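1. Give me coordinates for this.
(chains A and B)
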Number of protein chains: 2
Amino acid sequence: MQIGILGTGSVGQTIGSALIRKGHTVMLGSRSADNEKLVEWKKKNSHSALGGTFADAAIFGEIIFICVNGAIASEVLQQAGIDHFNNKTVIDVTNPLDFSHGMPPSLLPQYCNNWSLGEEIQKTIPGAFVVKALNTVTARLMVDATLVNDANHNLFICGNDVEAKNKVKHVLAENFNWKPEHIVDLGDIKYARMTEAIVPFWVAVMANMGTSMFNYQVVR
Amino acid sequence: MQIGILGTGSVGQTIGSALIRKGHTVMLGSRSADNEKLVEWKKKNSHSALGGTFADAAIFGEIIFICVNGAIASEVLQQAGIDHFNNKTVIDVTNPLDFSHGMPPSLLPQYCNNWSLGEEIQKTIPGAFVVKALNTVTARLMVDATLVNDANHNLFICGNDVEAKNKVKHVLAENFNWKPEHIVDLGDIKYARMTEAIVPFWVAVMANMGTSMFNYQVVR
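-> Below you'll find the model as predicted:
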């Protein structure tokens, strides 16, 4: 599949490399196509690793991952061209974290409690099927669920379109070893308020555990 | 032990009855000592079940649980008399939930993101040792951790005083079957921001699971 990824940070690179290993062709999009991190990432990967602008990656992708810093996500979508997302499944991995008050982080005030970055992104690209996913775990675990507890732990997703959510579940199961029965669909994109709000908590638990390689299993 | 509980709702009643079964003497405090719920609760329990005003319960308790509606918690403490909490361990079970926008709830705007009800409570009763605990699970599970997954799941607590947190761990282990190794101390009372912020998420997961009898296990 042709996959576009917006963002060349560790999350975008990790997801991109994992998808290439699974046989997909991946274009990482950045503000400029000669971004150093992008050039490095292409060198480390096969010829299936492509680079371009945000617009290039949005046009290229049949599915698009948003992996940029939450604070600039909306602006990046504008740069990429709103129409390039029409009718596409867009996996929103962003978090609106605010580190300006020190650790642990809070959420950016414009994306907390009664509004979320997931909703803002869906509003910014209304023709896309946005699915919030993967934002609640560390990058390496996103792309290989078996790294924790034999993949017995939960991923929480949400989005307005049921078909797009099913597609995302399939992508996560096929490529990243997530057990479909452990992927919990919380509801429409409004639930991004909840899955983003637990990320400062995640940072606190990480500090306590001394590792980012953990997740939660819902037990009954 | 003499235990004071502020609040006569299902959380206060459940905690009170459980502590009586363990041999403690419990006074539930309410706005007025002839509160109907209080009278009913006393009838259902032994002579170790006492009732009084918020002030009576605060004076009576060697340890005090705050189990009132989050929206009125600070006002209740004022009513109970700030000085009655001095040098006592106070277990804050409250959540600042706001149901005015429908389900799932959000947090009351004055207690979200960069400030929490736990911090507000510690600020309101500065002479007390406030420990935020139990607010992340349903009432029946609070008082018997074995009801879920053989007690293999986590409770997240926080507070400024290490000794008080150790006392709370002990109370939870002795009376409510929480395994000490599963009680995670996240840090000072500021971390109430995190443990309160995950409660709207808890409501969303509850709706998905179709039961409130669940919790999270951190897995690695």
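2. Contact partners for the residue nearest the centre of chain A?
-> Residue closest to the average C-alpha location in chain A (CA atoms, centre = their mean): A:Val93, at 2.0 Å. Applying CB atoms under 8 Å, 6 or more residues apart in numbering or on different chains, we find A:Val93 in contact with A:Val11, A:Ile15, A:Phe65, A:Ile66, A:Cys67, A:Ala133, A:Leu134, A:Asn135, A:Met142. For every residue, glycine as well, the C-beta is placed using N, CA and C.
3. Compare those residues and tell me which has the most neighbours.
-> A:Ile66 (32 neighbours; other CB atoms under 10 Å in any protein chain shown).
4. quick one on the thing from earlier: for the residue nearest to the centre of chain A, give me the pLDDT.
-> Listed pLDDT for A:Val93 reads 98.
5. Let me see the backbone angles for it.
-> Note on A:Val93: backbone dihedrals following degrees, to the nearest 10 are phi -100, psi 0.
6. can you count the residues close to the closest residue to A:Gln78 other than its chain neighbours?
-> Distance criterion CB to CB, 6 or more residues apart in numbering or on different chains; nearest residue to A:Gln78, sequence neighbours excluded, is A:Thr124 at 7.2 Å. A:Thr124 has 17 neighbours, counted by other CB under 10 Å.
7. Okay, A:Thr124 and chain B: tell me how far apart.
-> 22 Å (CB to the nearest CB, to the nearest Å).
8. Next: A:Ile15.
-> Per CB to the nearest CB, A:Ile15 is found 22 Å from chain B.
9. Can you list the neighbours in contact with stretch A:7-23?
-> Stretch A:7-23 is contacted by residues A:3, A:5-6, A:26, A:28-30, A:35, A:37-38, A:41, A:44-46, A:48-49, A:65-69, A:76, A:93, A:134, A:139-140, A:142-144, A:174-176 when judged by CB under 8 Å, 6+ apart.
10. Would you mark the buried spots in the longest helix seen in chain A?
-> Assignment by DSSP state H gives helix A:192-209 as the longest helix of chain A. Neighbour counts over helix A:192-209 (16 or more other CB atoms under 10 Å in any protein chain shown) mark A:192-205, A:208 as buried.
11. do the same with stretch A:58-70
-> Buried residues in stretch A:58-70, counted by 16+ other CB under 10 Å: A:Ala58, A:Ile59, A:Phe60, A:Gly61, A:Ile63, A:Ile64, A:Phe65, A:Ile66, A:Cys67, A:Val68, A:Gly70.
12. hmm, who's touching stretch A:109-117?
-> So stretch A:109-117 is contacted by A:70, A:73, A:92, A:94-96, A:98, A:106, A:108, A:120, A:132, A:189-190, A:192-193, A:196-197, B:101, B:106-107, B:109, B:112-114 (CB under 8 Å, 6+ apart).
13. Of the residues you listed, which qualify as buried by neighbour count?
-> Among these, the ones that count as buried by 16+ other CB under 10 Å are A:70, A:73, A:92, A:94-96, A:98, A:106, A:108, A:120, A:132, A:189-190, A:192-193, A:196-197, B:106-107, B:112-113.
14. before we move on, back to that, which neighbouring elements make contact with the following helix or strand past the longest helix of chain A?
-> Once the chain leaves helix A:192-209, the next helix or strand it forms, by DSSP states H and E, is strand A:215-219. Counting by 3 or more CB pairs under 8 Å, 6 or more residues apart in numbering or on different chains; DSSP states H and E, the packing neighbours recorded for strand A:215-219 are strand B:215-219.
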